[in-house]
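A.B. asks: Give me the fold of what follows.
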Amino acid sequence: MHDLRQDLDPLWRAAGRLKVANGGRGIMFIAAHEGEGTSSVAASFALIAAERSRRAAWLIDLDLYDNPQFEAFRHGSFATSGLSRAYDASLGAKPFYDIVPTQRPARSGKGAKAKLLAAHQVTGTQLLVTRFDIDRVAHGSKIHLSTRPDWWAALRRGADWMIVDAPAIDRSGAGLAMVSQMDGVIIVVQADRTRPETVTNLTKEIEAYGGRALGVVMTHMRADSRFIDRLAG
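C.D. replies: Have a look, this model is predicted:
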């Protein structure tokens, strides 16, 4: 991943104008194809949000099988000092995933139900990064994502920002399952690679699932170029 914070000030200012009914703001980053740079943009934006928030900012990684955001911060990406405390991320609500077929949750030494989803604090920041414990999912089981508005509402009550890193559409529909819970969705495209009609089609998909496509951020641009966003206030 690459630290893009110095390029994201226009995006931060535009996102700060998002109007929300209650609690923190929610924004998703998604791309049509893998390799567009979505995770770098999401993580960089999340660090900016954490620096400027009164409460915590959460970076929710919808790649539950590989947890790339957790792994990146665990290894000190973005000049951070790794991860410190871990919190139960169930938030007293049914989380946004189901295990099929249903499996009995493992139990800790004290007999309490162990949680598959945790939020790990990035050392020295107010940023929390999610991690799904895929190793405790029974072999042969599948993970199905569900919208679960109660979970997202609980997160809004405790955080100023929830930033969602969604897998590319050509790999998974996980992001589309959650767009209705976001205040806006940013499409990440790689300069000179993504076709305009691809962006148009993805925008229509986001809206068909109840989301609001706010605009586009371009990555891998020339040194004399600037990030582009078309956010609606």
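
A.B. asks: wait, doesn't Thr203 sit right on Val189?
C.D. replies: No - look at Thr203 against Val189 with Cβ atoms under 8 Å: they stay out of range, at 11.4 Å. All C-beta atoms are positioned from the backbone trio N, CA, C, and that covers glycine.

A.B. asks: Next, count neighbours for Asp160.
C.D. replies: 18 (other Cβ atoms under 10 Å).

A.B. asks: Now do the same contact list for Leu18.
C.D. replies: By Cβ atoms under 8 Å, 6 or more residues apart in numbering, the contact set of Leu18 is Arg25, Ile27, Asp183, Gly184, Gly233.

A.B. asks: Which residue, other than its chain neighbours, is closest to the residue nearest the centre of the chain?
C.D. replies: Nearest to the geometric centre of the chain sits Val164, at 1.7 Å (Cα atoms, centre = their mean). Closest residue to Val164 in three dimensions, ignoring its sequence neighbours and counting by Cβ to Cβ, 6 or more residues apart in numbering: Met28, at 4.1 Å.

A.B. asks: Just grab the bridge partners of that neighbour for me.
C.D. replies: Bridge pairing for Met28 (DSSP bridges) gives the partners Val164, Val185.

A.B. asks: Give me the distance between the closest residue to Asp133 other than its chain neighbours and Ala138.
C.D. replies: Of all residues not flanking Asp133 in the chain, Leu116 sits nearest, at 4.9 Å (Cβ to Cβ, 6+ apart). Leu116 sits 11 Å away from Ala138, going by Cβ to Cβ, to the nearest Å.

A.B. asks: Which one's more surrounded, these two?
C.D. replies: Neighbour count, other Cβ under 10 Å: between Leu116 and Ala138, Leu116 has more, with 22 against 11.

A.B. asks: correct me, but that one touches Val137?
C.D. replies: Yes - contact criterion Cβ under 8 Å: Leu116 and Val137 qualify, at 7.2 Å.

A.B. asks: Give me the common contacts of the two.
C.D. replies: Common neighbours of Leu116 and Val137 (Cβ under 8 Å, 6+ apart) are Ile99.

A.B. asks: so where do the helices sit in this structure?
C.D. replies: Applying DSSP state H to the chain gives helices spanning 9-15, 38-51, 68-74, 149-158, 174-178, 196-208.

A.B. asks: mind checking which of those helices is nearest Asp98?
C.D. replies: Closest to Asp98 of the helices of the chain, according to Cβ to Cβ: helix 174-178, at 11.3 Å.

A.B. asks: Run through who's touching the closest one.
C.D. replies: By Cβ under 8 Å, 6+ apart, the residues outside helix 174-178 that reach it are 28, 30, 62-64, 96, 145-147, 152, 164, 166-167, 169, 185, 205-206, 209, 211.
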